[in-house]
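**Student:** Can you look at this prediction? I've put the sequence above it.
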Amino acid sequence: MAGMDREGGAFFANNRKTAPNMPDYRGEIRISADTLASLVAQAKSGVQFPAIELSGWKKQSSNGTVFISLAGKKPYVKEGQQPERTGSFQTRPQHQPQQGGYSNDIDDDLPF
């Protein structure tokens with residue numbers, strides 16, 4: 001797929017769907033190290049579901065396939081304000097273990 005060497009992505013209709021529970025669309029998004037750092041910071045601060053801000057544009061490939069071109073970045077936070085911690089940004093109590101027995105610790109020794 002073109003563009004694998006830069007951030008961004010695409011969302012295509014799933015033309016291999018054979019069951020109702022299969023996704024209608026599939027794709028991927030590549031994020032920058034800055035956006036990844038934002039996700040890690042959100043998780044470390046107790047955000048239960050770290051998020052990125054997505055944008056999409058309806059496009060058509062040279063062979064006529066319609067798809068959504070994607071971009072992702074760290075969520076916008078107004079200067080001087082703290083990131084929102086409600087809705088998808090709900091915090092997880094640090095004294096409760098996560099479901100499945102995983103800890104809340106984030107590995108700081110990531111190789112990137």
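**Tutor:** Perfect, thanks for sending it. Numbers count the residues shown, from 1 in each chain.
**Student:** ok so Asp34 is a strand residue?
**Tutor:** No. Under the criterion used here (DSSP: H, G, I helix; E, B strand; the rest coil), Asp34 is helix, not part of a strand.
**Student:** which ones are touching it?
**Tutor:** In this structure, Asp34 makes contact with 73-74, judged by Cβ atoms under 8 Å, 6 or more residues apart in numbering. For glycine as for every other residue, the C-beta is placed from the backbone atoms N, C-alpha and C.
**Student:** Any figure for the gap between it and Lys74?
**Tutor:** Between Asp34 and Lys74 the distance is 7 Å, computed by Cβ to Cβ, to the nearest Å.
**Student:** what's the answer for Tyr25, then?
**Tutor:** When Tyr25 is compared with Lys74 (using Cβ to Cβ), they lie 24 Å apart.
**Student:** ok, now how distant is the closest residue to Ala13 other than its chain neighbours from Ala43?
**Tutor:** What sits nearest to Ala13 in space, not counting adjacent residues and going by Cβ to Cβ, 6 or more residues apart in numbering, is Tyr25, at 5.9 Å. As defined by Cβ to Cβ, Tyr25 lies at a distance of 26 Å from Ala43.
**Student:** More neighbours: those two, which one.
**Tutor:** For Tyr25 versus Ala43, the count of surrounding residues by other Cβ atoms under 10 Å is larger for Ala43: 16 against 12.
**Student:** can I assume that one is in contact with Pro50?
**Tutor:** Yes. The pair Ala43 and Pro50 passes the contact test of Cβ atoms under 8 Å, sitting 5.1 Å apart.
**Student:** for the helix or strand hosting Lys58, which positions count as buried?
**Tutor:** Take DSSP states H and E as the rule and Lys58 turns out to sit in strand 53-60. Residues of strand 53-60 classed as buried under the neighbour-count rule (16 or more other Cβ atoms under 10 Å) are Gly56.
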